[in-house]
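# Dropping a prediction and its sequence here:
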Amino acid sequence: MNETVENANSFNERIYEIVNQIPPGRVLTYGSLALLAGRPDNARAAGKLMSQAPEGVRAHRVVNHAGRTAPGWPGQRELLEGEGVAFKPNGCVDLRKHLWRSE
């Protein structure tokens, strides 16, 4: 396996590990997720991985920088609300209350 593929696999694994550390009732943004994974310029890649996340990865806990849920995934809001996540009147997650800050 070449180095580029190994780096990509490592990034993917790290992204999924971080997402599974987000506790119920908390969310993380794509940008923060990429930053924690060591690639601060790869927010879009983190988002792409969330759209392709394998079963068991808590991808519903990742939102965009404004707190918007993923387009085309109406169930994401339901999952978050089921965990007690509050939404503002504009439909965005209240990041002041629910943004996760890793230890």
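Looks like it arrived, so ask away.
# so how far is residue 17 from the most centrally placed residue in the chain?
Closest to where the C-alpha atoms of the chain average out (Cα atoms, centre = their mean) is residue 62, at 2.5 Å. Residue 62 sits 13 Å away from residue 17, going by Cβ to Cβ, to the nearest Å. C-beta here means a position set from N, CA and C on the backbone, and glycine is covered the same way.
# what does residue 57 give?
9 Å.
# quick one: which of the two has more around it?
Taking other Cβ atoms under 10 Å, residue 57 and residue 17 do not tie; residue 57 has more neighbours (17 against 12).
# Okay, and the more buried one sits in which element?
Using DSSP states H and E, residue 57 maps to neither a helix nor a strand.
# Counting neighbours, what do you get for the nearest residue to it once chain neighbours are set aside?
Sequence neighbours aside, residue 16 is the residue nearest to residue 57 in space, at 5.1 Å (criterion: Cβ to Cβ, 6 or more residues apart in numbering). If you count neighbours by other Cβ under 10 Å, residue 16 ends up with 19.
# Next, the contact list for residue 16, please.
49, 53-54, 57 (Cβ atoms under 8 Å, 6 or more residues apart in numbering).
# tell me the mean pLDDT over the host helix or strand of it?
Residue 16 is part of helix 3-19, with elements assigned from DSSP H and E. The predicted model assigns helix 3-19 a mean pLDDT of 79.
# What is the subsequent helix or strand relative to it?
Assigned by DSSP H and E, the successor of helix 3-19 is strand 28-29.
# looking only at pLDDT, what's the mean for that next one?
Mean predicted confidence for strand 28-29 is 98.
# That one pairs with which strands, parallel or anti?
strand 62-63 (parallel) (DSSP bridges).
# any idea how far the strand it pairs with is from the chain center?
Chain-centre distance of strand 62-63: 4 Å, with Cα atoms, centre = their mean, to the nearest Å.
# hmm, who's touching that strand?
19, 22, 27-30, 33, 46-47, 50, 69-70, 92-93, 95.
# farthest pair in those?
19 and 92 (19.4 Å; Cβ to Cβ).
# Neighbour count for those two, which is higher?
Remark: of residue 19 and residue 92, residue 19 carries more neighbours, 22 against 15, as counted by other Cβ under 10 Å.
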